[in-house]
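Colleague: coords please:
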Amino acid sequence: MKLPSILTTPAPSAALLIGPGLVSAVAFARHGGVPVVTSNASSMPEVAGEAALYVNPHDPADIAQKVVQAVEDLPLREGLIQKGFARAREFTWRRTAEATLAVYEEVLNL
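Modeller: Numbering: from 1, shown residues only. As a prediction, the model looks like this:
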């Protein structure tokens, strides 16, 4: 299934995506080619892997520092973008279906 371009292409002026914990926001940024700054809470580290800068969602200074870092540190920024593209390729409908099937097979074999 191909995602609509509105979900895969950021606004032309997007410099980065700050995701407070929205998985869809991280997916959007990965497909759109912008670095991700997201929360270190919930499932975000599992979803983003090494392709994001993580912040304490309760620490405005940490959030501000990571946003500035993602915008101004060009080698870091480019690295996050490339890691984001690689991470996005790991999330496919086929992989989802295979993992779901494996769970069903495990449960039914008990």
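
Colleague: Quick check: the gap between Asp62 and Asn40.
Modeller: In this view, Asp62 and Asn40 are 9 Å apart by CB to CB, to the nearest Å. Bear in mind the C-beta positions are built from the backbone N, C-alpha and C, glycine included.

Colleague: any common contacting residues for these two?
Modeller: Both Asp62 and Asn40 are in contact with 55-56, where contact means CB atoms under 8 Å, 6 or more residues apart in numbering.

Colleague: Show me where the chain has its helices.
Modeller: Ranges of helices in the chain, per DSSP state H, are 5-8, 23-32, 44-48, 60-72, 74-90, 93-108.

Colleague: Between the two ends of stretch 88-97, what distance do you get?
Modeller: 16 Å (CA to CA, to the nearest Å).

Colleague: brain fart, stretch 32-44
Modeller: OK, stretch 32-44 end separation, CA to CA: 18 Å.

Colleague: burial measure for Gln69, as a count.
Modeller: 16 (other CB atoms under 10 Å).

Colleague: my read: it touches Gly79, true?
Modeller: No: Gln69 is beyond contact range of Gly79, at 11.7 Å (criterion: CB atoms under 8 Å).

Colleague: Flag the shaky bits of this structure, pLDDT-wise.
Modeller: 1-31, 110 (pLDDT under 70).

Colleague: switch to 80 and redo it
Modeller: Within the chain, the stretches with pLDDT under 80 are 1-32, 110.

Colleague: contacting residues around Lys66?
Modeller: By CB under 8 Å, 6+ apart, the residues touching Lys66 are 37, 53-55.

Colleague: how about a cut-off of 10 Å?
Modeller: Going by CB atoms under 10 Å, 6 or more residues apart in numbering, Lys66 touches 16, 18, 35, 37-38, 52-56, 59.
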